[in-house]
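Engineer: sequence first, then the predicted structure, then my questions.
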2 protein chains.
Amino acid sequence: MELLKERIRKEGIVLPGNVLRVDSFLNHQIDVELVSRLSDEWYERFKDEGITKILTIESSGIALASIAALRFNVPVVYAKKSRSATIGSDFYSTKVVSYTHGQVYEVLISKKYVNSNDKILLIDDFLANGSALKVLINLAEMGGAKVVGAGIAIEKCYLKGGKDIRALGYRVESLAKIESMSVDGGVVFAE
Amino acid sequence: MELLKERIRKEGIVLPGNVLRVDSFLNHQIDVELVSRLSDEWYERFKDEGITKILTIESSGIALASIAALRFNVPVVYAKKSRSATIGSDFYSTKVVSYTHGQVYEVLISKKYVNSNDKILLIDDFLANGSALKVLINLAEMGGAKVVGAGIAIEKCYLKGGKDIRALGYRVESLAKIESMSVDGGVVFAE
């Protein structure tokens, strides 16, 4: 999607350690108009799939997933990385390692909000090694839901996450695919 | 706002420890259509204030703030509760105690995203003791921004947060005001 690529070219900053900083428009300050356009594109690609729910993981997926949920006219659920007083005791849980934080989290979702009638679209800002998506697939399937696919803003195609998840049979639609990037050379897009 | 009160009456669960669980529509699963209506109401109340930015804190404020940002046609910024590789080193920071988690967090916002041209509307799901709002006011004012006010979904009026923040001169617009609540008696709304 050219609009997103342009924005990455203009404002994205490649940092050492294979980090792409897009915090001016995607995951700290968020250009919600841009995210609406991303949502239109995900909708275009998944509109015939009978999506009943959008699922993401806190925190950086929430803004994108919420705006996508408006477009699909379905509720959004975000998996939580901590047990709060409000989640109750009846949840599915699994573990994940954060790509940017390096910590291990327990990730939780209330059993009430995924069930066998659900056709779920996963939404996230980045796809790198795929650990967040795998956790979400795991949680959704624990509840008997069908995972229709994933809508991703930025995929780092030189990492194995996207390949792994597609190999498992899930459809992944990434709107900007990065073939390589470096502090000196910037971002090179696939295709 | 009757629509929100009705939903709380229907689906809200009062738990011991003064917790109101609204995770079926507001902060785990989110009814984005309802949040759109809340945003319309905040827009109605703040539309003449020249808002340039919506500010919230991760995670439970993000969905509401993002949808409100669409309504106001401005960017949203969410303050972060941890230092990730993507936030960089040039940020304002302060401390906050979570009402539902009981932990102390460092809260951060990149200096690039609050400045003296900004007229900021704070958005959050709950107002209880006011610690999150006070932190956001603090961060915004560190950057020289003007805080126009706060749009809150649910205020626990029997706690001092709202009173404190109004006494400091900030406008707070809460769409459902709870006068009291108990496990046995349920929720009693103010007015």
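Structural biologist: Noted; the coordinates are in hand.

Engineer: please count neighbours and contacts with C-alpha atoms only from this point.
Structural biologist: OK.

Engineer: so which helix or strand takes in A:Lys155?
Structural biologist: Let me fix one detail, which is that residue A:155 is Glu and not Lys. A:Glu155 belongs to strand A:146-156 when elements are defined using DSSP states H and E.

Engineer: how about the residues of chain A by chain B?
Structural biologist: Neighbours of chain B within chain A, by C-alpha under 8 Å from any C-alpha of the partner chain: A:19-24, A:28-33, A:58-59, A:62-63, A:66-67, A:69-70, A:73-80, A:83-87, A:100-101, A:113.

Engineer: in helices only, show me these.
Structural biologist: With helices identified by DSSP state H, the entries of the residues of chain A next to chain B that belong to them are A:32-33, A:62-63, A:66-67, A:69-70.

Engineer: which one is A:Met181 nearest to, not counting chain neighbours?
Structural biologist: A:Val187 (4.4 Å; C-alpha to C-alpha, 6 or more residues apart in numbering or on different chains).

Engineer: need the strands for chain A, in chain order.
Structural biologist: When secondary structure is read from DSSP state E, chain A shows strands at A:13-15, A:19-21, A:29-30, A:53-57, A:76-79, A:91-97, A:104-110, A:119-127, A:146-156, A:171-182, A:186-189.

Engineer: next, format the ones in helices among the residues of chain A next to chain B as JSON lines and append pLDDT and neighbour count.
Structural biologist: Conversion of these to JSON lines gives the following (pLDDT from 0 to 100; neighbours: other C-alpha atoms under 10 Å in any protein chain shown):
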{"residue": "A:Val32", "pLDDT": "98", "neighbour count": "24"}
{"residue": "A:Glu33", "pLDDT": "98", "neighbour count": "16"}
{"residue": "A:Ile62", "pLDDT": "98", "neighbour count": "29"}
{"residue": "A:Ala63", "pLDDT": "98", "neighbour count": "32"}
{"residue": "A:Ser66", "pLDDT": "98", "neighbour count": "32"}
{"residue": "A:Ile67", "pLDDT": "98", "neighbour count": "25"}
{"residue": "A:Ala69", "pLDDT": "98", "neighbour count": "27"}
{"residue": "A:Leu70", "pLDDT": "98", "neighbour count": "20"}
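
Engineer: in JSON lines, list these along with distance to B:Val107.
Structural biologist: Converted to JSON lines, these look like this (distance: C-alpha to C-alpha, whole Å):
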{"residue": "A:Val32", "distance to B:Val107": "22"}
{"residue": "A:Glu33", "distance to B:Val107": "26"}
{"residue": "A:Ile62", "distance to B:Val107": "18"}
{"residue": "A:Ala63", "distance to B:Val107": "18"}
{"residue": "A:Ser66", "distance to B:Val107": "23"}
{"residue": "A:Ile67", "distance to B:Val107": "25"}
{"residue": "A:Ala69", "distance to B:Val107": "28"}
{"residue": "A:Leu70", "distance to B:Val107": "29"}
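
Engineer: partners of A:Ala79 in the sheet?
Structural biologist: Using DSSP bridges, the beta-bridge partners of A:Ala79 come out as A:Ile57.

Engineer: cool, and A:Ser174?
Structural biologist: In beta-bridge terms (that is, DSSP bridges), A:Ser174 pairs with A:Ile152.

Engineer: just the buried residues of the lowest-mean-pLDDT helix or strand in chain A, please?
Structural biologist: For chain A, using mean pLDDT, DSSP states H and E, the weakest element among its helices and strands is strand A:91-97, scoring a mean of 88. Buried positions in strand A:91-97, judged by neighbour count with 16 or more other C-alpha atoms under 10 Å in any protein chain shown: A:91-93, A:96.

Engineer: and stretch A:43-56, by the same measure?
Structural biologist: When burial is assessed from 16+ other C-alpha under 10 Å, stretch A:43-56 yields the following buried residues: A:43, A:46, A:51-56.

Engineer: closest to A:Met181 out of those residues?
Structural biologist: Of all the buried residues of stretch A:43-56, A:Thr56 has the smallest distance to A:Met181: 25.8 Å, by C-alpha to C-alpha.
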